[in-house]
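Undergrad: mind folding the following:
(2 chains)
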Amino acid sequence: MAKIAIDPITRIEGHLRIEAQTDGGMVTDAWSSSTMFRGMELVLQDRDPRDAWVFAQRI
Amino acid sequence: MVNNSESNFMQALAQRGVSRRDFLKFCTFMAGTLALPASMAPKIAQALESAKRPVAVWLEYQDCAADTEAFLRASNPTVATIILELISLNYHETIMAAAGHQAEALLEETVQEGGYLTIVEGSIPTKDNGIYCCVGGRTALDILQEVAANSAAVISVGACAVWGGWPASRPNPTGAKGVSDVIKGVPIINLAGCPMNVVNATGTIVYYLTYGSLPDTDEQGRPLFAHGKRIHDNCERRAHFDAGQYVEAWDDEASRKGWCLYKMGCKGPETYMNCPTVRYNDGTNWPVGAGHGCVGCAEIGFWDNMTPFYKRLPEVPGFGVEVTADKVGLALTGATLAGIGIHAVASTVRNRAGRRHPGEAESAEETTDSEEDVVEREG
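TA: Coordinates of the predicted model:
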């Protein structure tokens, strides 16, 4: 039983970490986590709705 | 050695289909972008040919990869090729082949050697010990401080790296900051814009290779060659502003005619960037050219200070524009009307003088006499 972590996952847009539990060369369990948070939903609150697209397209 | 590296560089370009003529055209274009005289083009060419390939690492934190896109889509393939040929990009998460430990090892190796360019895209979260962005189990803040300390210079690309961008906007949930807020003691240049313009990034790198230093900057750390002029002053629609010709509603006749977008919320009068001249996508177009007002993305805090984007400037909190477009328009209309008035009076006088000929014989003769007098005196 060994646990491996691949962080960063490259060639993607964004930040991703993969952890995998292996047993005899087979992956028995795996977890993924997004390792970056900005809070777009919180930033968009209480703003002019006509501005939303300018923010949201920059997610 | 110099000859060798020269020929190596030119050979590498030739293999990618870039001729010497293309290369020299690029150098002239760069001299123009950097507001240098065209006579500097040969010096740029010489510097680029003999320069040691600079090593760069590209760090991405709270970003959307738009600046990476802008960089990769240097849509003029010649420019992109030359720049990719010039830089040895040792680390860039979005495009590198290695992942995980191997990727981090490459970064570590480069940092050990030192003297590289650090390019940063995205803001750096500082709240709760910076846990809102981690790479390889370390926080962005921790990695950036280590990487920047050993580098020759830092280039912040895009609004987020420059001052925090939208992640740092109200209410800034993660305590996001710009690079220059968290890094001291290393030269930093801010390539503002959301995204930055690849022409300005290329210009900065070319300047660095030619002169061995970063170009002059304004008080916000932005290169003067790109941010020295106001969008409003170079805008292709400026004549319509001066003439009081405004778009009043999307899709009205004025918008079809390409009139001024000020009343639709254009922030060009408060924004300093070279968009009207360099444009985007290989000079294809830019927001105002495409019919949408400028949102002021080159300015610090634009997400809070320039919003709502569709309200015109004087109604935006934080701005002290004293004269509204209406007043400017009225004053100009007044002057124009006065001009038209004078013109109309002059026309009437001329017409009356003309009408005298058939209608009033005496005065017609007087006019004729006086004209003959003038001719005689002149003769």
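
Undergrad: when you work out contacts or count neighbours from here on, use the C-alpha atoms and nothing else.
TA: Noted.

Undergrad: around chain B, which positions in chain A sit nearby?
TA: A:5-15, A:17, A:35-40, A:42-43, A:47-48, A:50-51, A:55, A:58-59 (Cα under 8 Å from any Cα of the partner chain).

Undergrad: would you write a PyMOL line that selects the buried entries of those residues?
TA: Buried subset of these, written as a PyMOL selection, criterion 16 or more other Cα atoms under 10 Å in any protein chain shown:
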select buried, chain A and resi 5+6+7+8+9+10+13+14+15+17+35+36+37+38+39+40+43+59
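
Undergrad: in strands, which of the residues of chain A next to chain B appear?
TA: A:Ala5, A:Ile6, A:Arg17 (DSSP state E).

Undergrad: and stretch B:150-169, how far from the chain's centre?
TA: Averaging C-alpha positions (Cα atoms, centre = their mean, to the nearest Å) puts stretch B:150-169 16 Å from its chain's average.

Undergrad: again with stretch B:54-63
TA: 21 Å.

Undergrad: buried residues, it. List them.
TA: So, applying 16+ other Cα under 10 Å, buried residues of stretch B:54-63: B:Val55, B:Ala56, B:Val57, B:Trp58, B:Leu59, B:Glu60, B:Tyr61, B:Gln62, B:Asp63.

Undergrad: span of it from start to end?
TA: 24 Å (Cα to Cα, to the nearest Å).

Undergrad: quick one: it near chain A?
TA: Yes - judged by Cα under 8 Å from any Cα, stretch B:54-63 comes into contact with chain A through B:Tyr61, B:Gln62, B:Asp63.

Undergrad: of all the buried residues of stretch B:54-63, which comes closest to chain A?
TA: B:Gln62 (6.7 Å; Cα to the nearest Cα).

Undergrad: can I assume the closest one is in contact with B:Thr126?
TA: No - assessed by Cα atoms under 8 Å, B:Gln62 is found out of contact with B:Thr126, at 11.3 Å.

Undergrad: so, low pLDDT: which residues of the stretch 101-250 of chain B?
TA: Along the stretch 101-250 of chain B, no part satisfies pLDDT under 70.

Undergrad: okay, and the beta partners of whatever residue of it ends up closest to chain A?
TA: Here the residue of the stretch 101-250 of chain B nearest chain A is B:Cys133; by Cα to the nearest Cα that distance is 4.2 Å. With DSSP bridges as the criterion, B:Cys133 is bridged to A:Met36.

Undergrad: share the number of residues neighbouring it, please.
TA: 25 (other Cα atoms under 10 Å in any protein chain shown).

Undergrad: show me the contacts for it.
TA: Applying Cα atoms under 8 Å, 6 or more residues apart in numbering or on different chains to B:Cys133 gives the contacts A:Thr35, A:Met36, A:Phe37, B:Tyr61, B:Gln62, B:Ile124, B:Pro125, B:Thr139, B:Ala140.

Undergrad: I'd like those as a markdown table, with distance to B:Thr277 appended.
TA: Formatted as a markdown table, these follow (distance: Cα to Cα, whole Å):
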| residue | distance to B:Thr277 |
| --- | --- |
| A:Thr35 | 39 |
| A:Met36 | 36 |
| A:Phe37 | 36 |
| B:Tyr61 | 30 |
| B:Gln62 | 30 |
| B:Ile124 | 31 |
| B:Pro125 | 34 |
| B:Thr139 | 39 |
| B:Ala140 | 35 |
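
Undergrad: pick out the most distant pair among the residues you listed.
TA: A:Thr35 and B:Ile124 (12.9 Å; Cα to Cα).

Undergrad: got the contact list for B:Val179?
TA: B:Val120, B:Ser123, B:Ile124, B:Ser156, B:Ala161, B:Val162, B:Trp163, B:Gly164.

Undergrad: give me the element A:Ser32 is part of.
TA: strand A:26-34 (DSSP states H and E).

Undergrad: give me the contact list for that strand.
TA: Contacts of strand A:26-34 (Cα under 8 Å, 6+ apart): A:Gly14, A:His15, A:Leu16, A:Arg17, A:Ile18, A:Glu19, A:Ala20, A:Gln21, A:Thr22.

Undergrad: now do the strands in chain B.
TA: Under DSSP E, chain B gives strands at B:55-60, B:88-92, B:117-121, B:124-125, B:134-135, B:138-139, B:153-157, B:176-177, B:188-191.

Undergrad: can you list the strands that the fourth one pairs with?
TA: Just to be clear, that refers to strand B:124-125. Sheet pairing for strand B:124-125, using DSSP bridges, gives strand B:176-177 (antiparallel).

Undergrad: need the contact partners of the partner strand.
TA: Against strand B:176-177 from outside (Cα under 8 Å, 6+ apart): B:Ser123, B:Ile124, B:Pro125, B:Thr126, B:Lys127, B:Cys160, B:Ala161, B:Trp163, B:Gly164, B:Pro167, B:Ala168.

Undergrad: only whichever of those are buried, select them in ChimeraX.
TA: Here is the ChimeraX command that picks out the buried ones among the contacts of strand B:176-177, judged by 16+ other Cα under 10 Å:
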select /B:123,124,125,126,160,161,163,164,167,168
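
Undergrad: from the contacts of strand B:176-177, pick the one nearest A:Met1.
TA: Closest to A:Met1, out of all of the contacts of strand B:176-177 and judged by Cα to Cα, is B:Pro125, at 35.5 Å.

Undergrad: any idea how far the nearest residue to that closest one once chain neighbours are set aside is from A:Glu19?
TA: Nearest residue to B:Pro125, sequence neighbours excluded (Cα to Cα, 6 or more residues apart in numbering or on different chains): B:Ala176, at 4.0 Å. Between B:Ala176 and A:Glu19 the computed distance is 27 Å (Cα to Cα).

Undergrad: can you tell me how far B:Lys25 is from chain A?
TA: 33 Å (Cα to the nearest Cα, to the nearest Å).

Undergrad: number of nearby residues for that residue?
TA: Neighbours of B:Lys25 (other Cα under 10 Å): 16.

Undergrad: pull the contacting residues for it.
TA: Taking Cα under 8 Å, 6+ apart as the definition, B:Lys25 has no contacts.

Undergrad: for it, report the pLDDT, please.
TA: For B:Lys25, the model assigns a pLDDT of 90.

Undergrad: equivalent analysis for B:Met1, please.
TA: Reported pLDDT for B:Met1: 36.

Undergrad: what does the one 4 residues further on give?
TA: With respect to pLDDT, B:Ser5 scores 53.

Undergrad: repeat that for B:Glu371.
TA: Reported pLDDT at B:Glu371 in the predicted model: 41.

Undergrad: need the residue closest to the centroid of chain A.
TA: Nearest to the mean C-alpha position of chain A, counting by Cα atoms, centre = their mean, stands A:Ser34 at 2.3 Å.
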